[in-house]
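Q: whatever this is, show me its structure:
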Amino acid sequence: MPGIFSPTGNVRKRRILAALTDAEPAYKNRHGRYSLAVPRVGEFIRRQKGERGA
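A: Residues are numbered from 1 along each chain as shown. Next comes the predicted model:
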């Protein structure tokens with residue numbers, strides 16, 4: 001298995017990030033860093049608040 005700093009390791013990381021951004025759970029923010037999106041997390045939070053009576 002390639003090390004984290006090997007050239008093949010970097011290629012693998014780029015492929016994984018490309019696959020995640022194509023599937024849309026990950027995106028590049030305005031600072032060029034990758035962030036992870038959680039679909040419908042707002043709905044989940046509202047349900048949790050409703051169950052607790054808040």
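Q: ok now do the most centrally placed residue in the chain, which residues does it touch?
A: With the centre of the chain defined as its mean C-alpha position, the nearest residue by C-alpha atoms, centre = their mean is Leu36, 2.5 Å away. Residues near Leu36 by C-beta atoms under 8 Å, 6 or more residues apart in numbering: Pro25, Ala26. C-betas here are computed from N, CA, C, even on glycine.
Q: now swap in the one 3 residues further on and tell me
A: If a contact means C-beta under 8 Å, 6+ apart, then Pro39 has Pro25 as its contacts.
Q: again, only this time at 6 Å
A: By C-beta atoms under 6 Å, 6 or more residues apart in numbering, no residues touch Pro39.
Q: that one: which element?
A: For Pro39, there is no enclosing helix or strand under DSSP states H and E.
Q: and it, how far is that from Val11?
A: For Pro39, the distance to Val11 equals 28 Å [C-beta to C-beta, to the nearest Å].
Q: partner strands of the strand or helix carrying Ser35 and their direction?
A: According to DSSP H and E, Ser35 maps onto strand 34-36. As defined by DSSP bridges, the strand partners of strand 34-36 come to strand 26-28 (antiparallel).
Q: for the strand it pairs with, the averaged confidence score.
A: Strand 26-28 shows a mean pLDDT of 78.
Q: ramachandran coordinates for Arg15?
A: Phi and psi for Arg15, reported as degrees, to the nearest 10, are phi -70, psi -40.
Q: show me what contacts it?
A: Arg15 neighbours (C-beta under 6 Å, 6+ apart): none.
Q: so how far is Thr21 from it?
A: Computed with C-beta to C-beta, the distance linking Arg15 and Thr21 is 11 Å.
Q: if we can go back for a sec, list the buried residues in the helix or strand following the strand holding Ser35.
A: Following strand 34-36 in sequence order, the next helix or strand is helix 41-52 (DSSP H and E). For helix 41-52, the neighbour count (16 or more other C-beta atoms under 10 Å) marks no residue as buried.
Q: from the middle of its chain, how far away would helix 41-52 be?
A: 21 Å (C-alpha atoms, centre = their mean, to the nearest Å).
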